[in-house]
Structures are given as structure tokens and as C-alpha cells.
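Visitor: structure for the following, please:
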Amino acid sequence: MQRIAFIMKIQPGTEEEYRRRHRQVWPELLADLKRAGCQNYSIYLRGTELFAYMEVADFQRYRQMMASSQASARWEAQMSDILIRETEEATGFPAVLEEVFHLD
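Guide: Prediction:
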């Protein structure tokens, strides 16, 4: 299992809307995340900064499957008005943080 952590940002003033949308994540998006091998996925909010953590069986496979997910494409489009997208060109995914410590 690969542990993946990354940081994102949202537009100032959209914190409550971001929370609201995540209380209503679509079942088809959740199913696609699970089908892509994602589990134990959490997003934390501090001001306009987001810290996300997920565990995936195979990160490359996860990215490929989510890139072809229609639900994910629709979700990204819906979030585009509040999410500040900072992705790596090679992966289309936010920069992954380096893990420097882990305790099981």
C-alpha cells in the first residue's frame, strides 16, 4: 500500500462551500475512487489550505483510472470555481509530499 499526501488550496471565502460540497460527494465518484484502489482518504482544511492523505494500492494505476473517470471529470469541473489547481505537468496531479516519518 502506498501512502500519498499532497497539498491544495481553495479560493479565499469559499471555505464553507468547500465543506458543503464534500458533505455531498457523489456515490459514483466514491465508487470510482475505490475501484481505482483508493482507501483511507482524508482531506483537512486550514484557512484556504487543504492537506490530503490517501492510501492506494498502485499510485500510477490510481492516476490512470481516475483520469478516465467521468465522475471525476465532472467533479473537477464542479470544483473548478473554488479549487486552485496546482498540478505537475507530467502527472496531472498535485505534487506529492515526501514522507519523512511513519509509525505503524
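Visitor: ok, the closest residue to residue 82 other than its chain neighbours to residue 48 distance?
Guide: Spatial nearest neighbour of residue 82, excluding adjacent residues (Cβ to Cβ, 6 or more residues apart in numbering): residue 14 at 4.0 Å. (Glycine included, C-beta is placed from N, CA and C.) To residue 48, residue 14 is 8 Å away according to Cβ to Cβ, to the nearest Å.
Visitor: report the distance from stretch 18-30 to the chain centre.
Guide: 12 Å (Cα atoms, centre = their mean, to the nearest Å).
Visitor: pLDDT on it, on average?
Guide: Confidence for stretch 18-30, expressed as mean pLDDT, is 97.
Visitor: same question, stretch 67-80
Guide: So the average pLDDT for stretch 67-80 ends up being 96.
Visitor: can you check stretch 34-42 too?
Guide: Mean predicted lDDT for stretch 34-42 stands at 97.
Visitor: quote the end-to-end distance of it.
Guide: End-to-end distance of stretch 34-42 (Cα to Cα, to the nearest Å): 13 Å.
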